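In: model the following, please.
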Amino acid sequence: MHLRMLSGTWNYLLPLEFLDAISRLYGPSLQGMYWNDHPSIITKNSSASLEFLGSFSSLRVLDLCNFWGEINRKLSPALPEVQTLIISDADHSLAAATALLLPSLQNLILKAYSHVTPVHLLGSFLNVHGASLVTLDLPSPASESDPEPANTSHIRRAAAHTNVDIFLQNNRCPNLMTLTFPVTSPPLSSDIKHPLRRIGLRGVRAGSLYPDKPTPTRRHLMSFTPDRYPKLEVVKTVDFLVDADTDSSIKDVFIWWVEKFEKQAVDFLDGEGVLWEYAPDSSLPLE
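Out: Numbers count the residues shown, from 1 in each chain. Got it, this is the predicted structure:
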């Protein structure tokens, strides 16, 4: 049996024999794993360990957001094929990810679970894996009990956000090319200079795009300048679709930003990847 993906949420103690069987049966073939331990059941001998994770040599996608397994800091299991890592800002998730050897890692999704991100642990993680990262996605804050991002803007603004600056300063992620983060994140530092090529903004709404309104979206967009991001090629509103919005003026507003970024040789795209512009000799918007 060649199982490719395993998603498990464990609300009861797992016998070691069960873990051994999973490792033996699926270790060579499993390509994706989501492991969700319920914190209330964790004991030293009942949860998966890093050594257990290390037995899955073919993994390409690994989700450790709710991994509460034992971490032996003297051992660093290798997962040579993992390209995409999904973790949370919780201590146990960051510590587990830091302890693993991930030579093929390129993509990181870091979820904010309404904690205050432990900067020292995140820094340790980036010291180990930061140079490998090519894409970074910071979803809107959620919680461990409800992992879907908060739906209302006031909740998103009040929730703790991962500080985006930590990835862009001090040469921590020198090879990062694509960064996606929520518009509700605090403003990025003015002293950043990073060779990012693509920036995505989550949570953009039509009303926040009007250039005469002092919104967080406008503040972020205005900060994407050539002196800070000299290699920037694309700015994208990843979950905002111009054609699906009911604001009668949004196409004109969006094109205002398109034309602004065009002067910087940057494409400003909506969530469908559309570059909006006016038709030649016309005031009508053209996709």
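
In: helices of the stretch 51-200 of the chain, residue ranges please.
Out: According to DSSP state H, counting those that start in this stretch, the stretch 51-200 of the chain carries its helices in the segments 91-99, 119-129, 153-158, 165-168.

In: mean pLDDT for those helices: which is lowest?
Out: Here these differ in mean pLDDT, and the lowest is helix 153-158 at a mean of 46.

In: okay, and the helix or strand of the protein with the least pLDDT?
Out: None of the helices or strands of the chain scores lower by mean pLDDT, DSSP states H and E than helix 153-158, at a mean of 46.

In: below-threshold pLDDT in the chain: ranges please.
Out: 1, 38-47, 114-115, 143-159, 281-287 (pLDDT under 70).

In: show me the beta-bridge partners of the most centrally placed residue in it.
Out: Nearest residue to the geometric centre of the chain (CA atoms, centre = their mean): Asp137, 2.0 Å. Per DSSP bridges, the residues bridged to Asp137 are Ile109, Thr180.

In: show me what contacts it?
Out: 107-110, 180-181, 200 (CB atoms under 8 Å, 6 or more residues apart in numbering). In this view, the C-beta of every residue, glycine as well, is placed from N, C-alpha and C.

In: and of these, the nearest to Lys74?
Out: Distance to Lys74, by CB to CB, is smallest for Leu108 among the contacts of Asp137, at 25.1 Å.

In: how many neighbours does the closest one have?
Out: Using other CB atoms under 10 Å, Leu108 has 25 neighbouring residues.

In: next one: Val119
Out: 12.

In: look up how far Val128 lies from the residue lying closest to it once chain neighbours are set aside.
Out: Setting aside the residues directly before and after it, Val119 is nearest to Ile166 in space (CB to CB, 6 or more residues apart in numbering), at 6.9 Å. Ile166 sits 14 Å away from Val128, going by CB to CB, to the nearest Å.

In: returning to what we had before: could you dump the helices of the stretch 51-200 of the chain to CSV with distance to Trp35?
Out: As requested, the helices of the stretch 51-200 of the chain are exported to CSV (distance: least, CB to CB, whole Å):
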stretch, distance to Trp35
helix 91-99, 10
helix 119-129, 18
helix 153-158, 27
helix 165-168, 25
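
In: nearest to Thr215, of those helices?
Out: Ranking the helices of the stretch 51-200 of the chain by proximity to Thr215 (CB to CB) places helix 153-158 first, at 10.2 Å.

In: re earlier: which of the contacts of Asp137 are buried?
Out: If you count burial by 16 or more other CB atoms under 10 Å, the buried members of the contacts of Asp137 come out as 107-110, 180-181, 200.

In: redo those as CSV? Include distance to Ser49.
Out: Output for these, formatted as CSV (distance: CB to CB, whole Å):
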residue, distance to Ser49
Asn107, 25
Leu108, 22
Ile109, 23
Leu110, 23
Thr180, 32
Phe181, 32
Gly200, 35
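
In: how far away is Pro214 from Glu81?
Out: Taken as CB to CB, the span from Pro214 to Glu81 is 47 Å.

In: of the two, which one has the most company?
Out: Comparing Pro214 with Glu81 by other CB under 10 Å, the one with more neighbours is Glu81, at 17 against 7.

In: next up, the contacts around that one.
Out: 31, 57-60, 104.

In: want to try a markdown table for those, with distance to Pro77 as columns?
Out: Formatted as a markdown table, these follow (distance: CB to CB, whole Å):
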| residue | distance to Pro77 |
| --- | --- |
| Gln31 | 17 |
| Ser57 | 10 |
| Ser58 | 14 |
| Leu59 | 11 |
| Arg60 | 16 |
| Ser104 | 14 |
